[in-house]
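Undergrad: have a look; sequence and predicted model below, questions after that.
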Amino acid sequence: MRTTTLIPRRVATTGITVLGAAGIATAALTGTAHAQAPAKPAHQTAAKPAKADDKADKKAEKAEKKDAGKKAEDYPDNLDGWIREAMSIMKKHGIPGSYDGIKRNIIRESGGDPNAVNDWDINAQKGIPSKGLLQVIQPTFDQYHVKGTADKLTDPVANIVAACNYAADRYGTMDNVDSAY
């Protein structure tokens, strides 16, 4: 019998925007999908010609509008869209998992319902029910949550990414999970 010590995999990110319906609506109304960076104190800002700043600002604004439109078009608010958006984030962080492996586990765990709650198993009996598409408990979600995704257990994309991060740490990939995990 082989014993393995598992170390939780921590994934840190910067600059990732995950758009839900509210984010897409905000992007459409404001022309940006990103939060504005806080202003630097005057002693930390470098003087640049206004013309160069205007050109850079216009280029960044154009790219943000393009990204906002692409995200809204590429990731519909349904199971397929949630899985594809999660896989995009997972790829950026080196978290393995295939579309088929993720979907197979979602269908078994929640039937595709992002608000599914298990109120009968041992975790529920201890007051920590499994929730969401991949039936994750809050402590596991907190430990394997990937920054840049919503900090809400039942958010479909955050639930998938955290569960796949956990499965990668514990089983190598979500594709290796064939029963409750």
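TA: Arrived safely.
Undergrad: quick one: contacts for the residue nearest to Gly172 when sequence neighbours are not counted?
TA: In space, and not counting its chain neighbours, Gly172 is closest to Pro96: 7.3 Å by CB to CB, 6 or more residues apart in numbering. All C-beta spots, glycine's among them, are computed from the backbone N, C-alpha and C. When contacts are counted by CB atoms under 8 Å, 6 or more residues apart in numbering, Pro96 touches 90, 164, 168, 172-175.
Undergrad: buried members of these into PyMOL, please.
TA: To isolate the buried members of the contacts of Pro96 in PyMOL, using 16 or more other CB atoms under 10 Å:
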select buried, resi 90+164+168+173+174+175
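Undergrad: Tyr181 is in contact with Ala167, isn't it?
TA: Yes. Applying CB atoms under 8 Å as the test, Tyr181 and Ala167 come out as touching, 6.3 Å apart.
Undergrad: looking at the two, which has the bigger crowd around it?
TA: For Tyr181 versus Ala167, the count of surrounding residues by other CB atoms under 10 Å is larger for Ala167: 24 against 17.
Undergrad: where's that one relative to Asn118, distance?
TA: Ala167 sits 17 Å away from Asn118, taking CB to CB, to the nearest Å as the criterion.
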